[in-house]
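Participant: generate a structure from the sequence data that follows.
(2 chains)
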Amino acid sequence: MVVRLAGATRWYAARVVDRVAETPTATSLCFEVPGWPGHLAGQHADVRLTAEDGYQAERSYSIASAPEDPAIALTVERIDDGEVSPYLAGEVRDGDQFELRGPIGGHFTWRAQQGGPLLLVGGGSGLVPLMAMLRHRAAAGSDARTVLLVSSRTEEDILYRAELERLASDGDGLAVHHTLTRGTPQGWQGFDRRVDAEMLAQVGPPVADAPRIFVCGPTPFVEAVADVLVGMGHPPASIHAERFGPTGG
Amino acid sequence: MRLDGNALAGVLVEALGTEMTEAPRRCQSCGAVNPVGAHLLYQGAGWVLRCPACGDVALRVVSLSEQHVLTFAGEWRVETPR
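Facilitator: Numbering: from 1, shown residues only, chains lettered A, B, ... in the order given. Down below sits the predicted model:
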């Protein structure tokens, strides 16, 4: 296997042009980034904040927007005792300036021309890079058969819920399934437990269809799901995993 | 804390000037070939990247104030645009 790699990446000036409250704890920040070289769905970007005294902090966030979108959107989950995320998810105002480095990463990416079928499994804010893939899929007019399985703690923690419903209702081969791990509301139609083999078998695609698989979430989630997928017979090489964990918030 | 090689992508870009997570690496211990992004990453005083098949060390990264220090193991294949 030989891969041609992209060139160097540098820091770009980024200006906040919009903010979207996604859930009680997650906010999407939309940036205008002059000179941005473009990205692939699934890549991430580093954000650098510089305080008045010169102190700098860097954090890495998955890009939520499609390559086709005019603004770069990052969805930031607030970690209450974090150093950076409470600021990004709460204090930022339109017009604020940051530095963005990216796009970063090439392993956890999907391009519409690669086709499907696709199996996307996201835990919590692990949905963010998968959302970029779904937005790219829609923008590119792809009808690649795609199954998205989203695991959230509670109903109010589900990211992009209305947009997911809209995308799934287009009838172009996207199925969206939700599971809640910490209680379900009355009348809940989705799953109500952690992702397991029975759930994955039910939502598909089956092993025989050789789906390209992307799993993103906290490390224990990703490793549990990847183990189940391998146990079901999916080839390890078909499973692209991206783990995230607290790196200072 | 365990992450994966994707989380090291930014440091590798800064240190080496190129995207590395798709680069295949052959483990010096078990011979398994996996993309850098699929390796396991451990954070302590620095970063240690390990083979996902056998756990042997693939890369150690120490980021000092003026430089990154990288120590590689195994066979890395990197192709960059010229």
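Participant: so what pairs up with residue B:59 in the strands?
Facilitator: On DSSP bridges, the residues paired with residue B:59 through beta bridges are residue B:49, residue B:72.
Participant: hmm, residue B:51 and it touching each other?
Facilitator: No. Between residue B:59 and residue B:51 there is no contact under CB atoms under 8 Å: 10.3 Å. The way it works is simple: take the backbone N, C-alpha and C, and place the C-beta from them, glycine included.
Participant: which residues do the two both contact?
Facilitator: Common neighbours of residue B:59 and residue B:51, counting by CB atoms under 8 Å, 6 or more residues apart in numbering or on different chains, are residue B:39.
Participant: how many other residues sit next to the residue lying closest to residue B:47 once chain neighbours are set aside?
Facilitator: Spatially, and ignoring its direct neighbours in sequence, residue B:47 is nearest to residue B:61 (4.2 Å; CB to CB, 6 or more residues apart in numbering or on different chains). Residues lying near residue B:61 (other CB atoms under 10 Å in any protein chain shown) number 19.
Participant: name the helices or strands packed onto the one helix or strand residue B:61 maps to?
Facilitator: Assigned by DSSP states H and E, residue B:61 falls within strand B:57-63. For strand B:57-63, the elements it packs on are helix B:9-16, strand B:47-50, strand B:68-72, judged by 3 or more CB pairs under 8 Å, 6 or more residues apart in numbering or on different chains; DSSP states H and E.
Participant: return the list of strands paired to whichever helix or strand comes after the last one, each annotated with direction.
Facilitator: Looking back up the chat, that one is strand B:68-72. Next helix or strand after strand B:68-72 toward the C-terminus (DSSP H and E): strand B:75-76. Sheet pairing of strand B:75-76 (DSSP bridges) gives strand B:24-26 (antiparallel).
Participant: the residue in chain A that chain B sits nearest to in helix, strand or coil?
Facilitator: Nearest residue of chain A to chain B, counting by CB to the nearest CB: residue A:107, 2.7 Å away. Following DSSP: H, G, I helix; E, B strand; the rest coil, residue A:107 is assigned to coil.
Participant: I'd say residue A:123 and residue A:224 touch.
Facilitator: No. Applying CB under 8 Å, one finds residue A:123 not in contact with residue A:224, separated by 9.0 Å.
Participant: who has more neighbours out of those two?
Facilitator: More neighbours surround residue A:123 than the other of residue A:123 and residue A:224, with 26 against 17 (other CB under 10 Å).
Participant: which residue sits closest to that one in space, ignoring its chain neighbours?
Facilitator: With CB to CB, 6+ apart, the residue lying closest to residue A:123 is residue A:217, at 2.7 Å.
Participant: now the longest strand anywhere in chain A: buried residues?
Facilitator: Longest strand in chain A, counting residues (DSSP state E): strand A:11-21. Residues of strand A:11-21 classed as buried: A:12, A:14, A:15, A:16, A:17, A:19 (neighbour count, 16 or more other CB atoms under 10 Å in any protein chain shown).
Participant: what is in contact with residue A:123 and residue A:224 at once?
Facilitator: With CB under 8 Å, 6+ apart as the test, residue A:123 and residue A:224 both reach residue A:195.
Participant: ramachandran coordinates for the closest residue to chain A within chain B?
Facilitator: Distances between chain B and chain A by CB to the nearest CB are smallest at residue B:37, namely 2.7 Å. Per-residue torsions, residue B:37: phi -60, psi -20 (degrees, to the nearest 10).
Participant: what's the burial count for the residue lying closest to it once chain neighbours are set aside?
Facilitator: Distances taken as CB to CB, 6+ apart put residue A:107 closest to residue B:37, at 2.7 Å, once the chain neighbours are dropped. Using other CB under 10 Å, residue A:107 is surrounded by 25 other residues.
Participant: please name the residues that touch residue A:107.
Facilitator: Residue A:107 neighbours (CB under 8 Å, 6+ apart): A:240, B:5, B:6, B:21, B:22, B:35, B:36, B:37, B:38.
Participant: quick one: low-confidence parts of chain A?
Facilitator: A:1-9, A:246-249 (pLDDT under 70).
Participant: what does chain B put close to chain A?
Facilitator: Listed as neighbours of chain A in chain B under the rule CB under 8 Å from any CB of the partner chain: B:1-7, B:9-10, B:13, B:17-24, B:33, B:35-38, B:43, B:77-81.
Participant: now list the buried members of those residues.
Facilitator: Buried among those (16+ other CB under 10 Å): B:3-7, B:9-10, B:13, B:18-24, B:33, B:35-38, B:78.
Participant: taking these one by one, which sit in strands?
Facilitator: Using DSSP E, those in strands are B:3, B:4, B:24, B:33, B:35.
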